[in-house]
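**Student:** no FASTA, just this:
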Ligand SMILES: C[S@@+](CC[C@H](N)C(=O)[O-])C[C@H]1O[C@@H](n2cnc3c(N)ncnc32)[C@H](O)[C@@H]1O
């Protein structure tokens, strides 16, 4: 069984030291609540569509324990990608450096079309790129802006599988173990499977599990 329904930190703490080749994850950080409310409060209350569904937020105060576990379970000479917004980025970076990661840069996911917001409408998300030890990217020609259309009417905050494939191809090899402790729709797990990687993940939500098993 490679899919679990446990708290991310609790689940990661069951994995052995230096047992994972790559972690890509998209935690439900606190400031997501803000994005959710911009201009949509009423629609979210009355809509019967799947965008009504939401999940528990992972508090900023828990990032230190999470990142400690992420660092511990990753093999030496590996990469770690974390999706977040421009506010949470400043919270995560110093914590990740404290637990031992080298921070390279935010990679930008350009969603191509504009979204919500009043202060310049949102078109991108950040993917923080970290390294444990030293590892070369597999393709040195890939830019730091990745353009993939957003997913409409999917799981809340669902990411495109093709975007996940780019990160997996850059930072792992066939047969490697790829992990996502907040898997949501399972985009990382599906991408890893399609690329011949082993995969494992956790999500505490029943809805995430139903969604993943329908598409897997
Ligand atoms: C931002 S979504 C992930 C979306 C995913 N990247 C995708 O492409 O669909 C965050 C997920 O974390 C889950 N979650 C919230 N708190 C959690 C916790 N403490 N441990 C594990 N999963 C958690 C939520 O149920 C939600 O599915």
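**Tutor:** Perfect, thanks for sending it. Remember, it's a predicted structure, so these values are computed and weren't measured experimentally.

**Student:** only C-alpha atoms from now on, for both contacts and neighbour counts.
**Tutor:** OK.

**Student:** any idea of the pLDDT on the nearest residue to residue 186 once chain neighbours are set aside?
**Tutor:** Among residues not flanking residue 186 along the chain, residue 212 sits closest, at 5.4 Å (C-alpha to C-alpha, 6 or more residues apart in numbering). For residue 212, the model assigns a pLDDT of 95.

**Student:** same check, this time on residue 64
**Tutor:** So residue 64 comes in at 98 (pLDDT).

**Student:** that one - how many residues pack around it?
**Tutor:** When neighbours are defined as other C-alpha atoms under 10 Å, residue 64 has 16 of them.

**Student:** correct me if wrong: it contacts residue 94.
**Tutor:** No. Using C-alpha atoms under 8 Å, residue 64 is not in contact with residue 94; the gap is 9.8 Å.

**Student:** rewinding a little: check contacts around the residue nearest to residue 186.
**Tutor:** 184-186 (C-alpha atoms under 8 Å, 6 or more residues apart in numbering).

**Student:** ok so it is a helix residue?
**Tutor:** Yes. Assigned with DSSP: H, G, I helix; E, B strand; the rest coil, residue 212 falls within a helix.

**Student:** mind checking how far it is from residue 206?
**Tutor:** 10 Å (C-alpha to C-alpha, to the nearest Å).

**Student:** give me every residue in this structure lying close to the ligand.
**Tutor:** 6-8, 26-28, 55-58, 155, 157-159, 181-187, 202-205, 208 (C-alpha under 6 Å from any ligand atom).

**Student:** helices of the chain, residue ranges please.
**Tutor:** For the chain, helices defined by DSSP state H occupy the ranges 8-12, 32-37, 41-46, 63-73, 88-99, 161-171, 187-194, 206-215.

**Student:** packed most tightly, which of those would that be?
**Tutor:** Of all the helices of the chain, helix 187-194 carries the top mean neighbour count, a mean of 22, counting by mean count of other C-alpha atoms under 10 Å.

**Student:** mind giving me the packing neighbours of it?
**Tutor:** Where contact means 3 or more C-alpha pairs under 8 Å, 6 or more residues apart in numbering; DSSP states H and E, helix 187-194 is packed against helix 161-171, strand 177-180, strand 198-202.

**Student:** dump the ones you listed to a markdown table, plus mean pLDDT.
**Tutor:** Below are the helices and strands packed on helix 187-194 laid out as a markdown table (pLDDT from 0 to 100):
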| stretch | mean pLDDT |
| --- | --- |
| helix 161-171 | 98 |
| strand 177-180 | 98 |
| strand 198-202 | 98 |
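
**Student:** lowest confidence element among the helices and strands of the chain?
**Tutor:** Lowest by mean pLDDT, DSSP states H and E among the helices and strands of the chain is helix 41-46, with a mean of 35.

**Student:** about what we covered before: tabulate the contacts of residue 212 (TSV), appending neighbour count and pLDDT.
**Tutor:** Compiled in TSV, the contacts of residue 212 are given as follows (neighbours: other C-alpha atoms under 10 Å; pLDDT from 0 to 100):
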residue	neighbour count	pLDDT
184	31	96
185	27	96
186	26	97
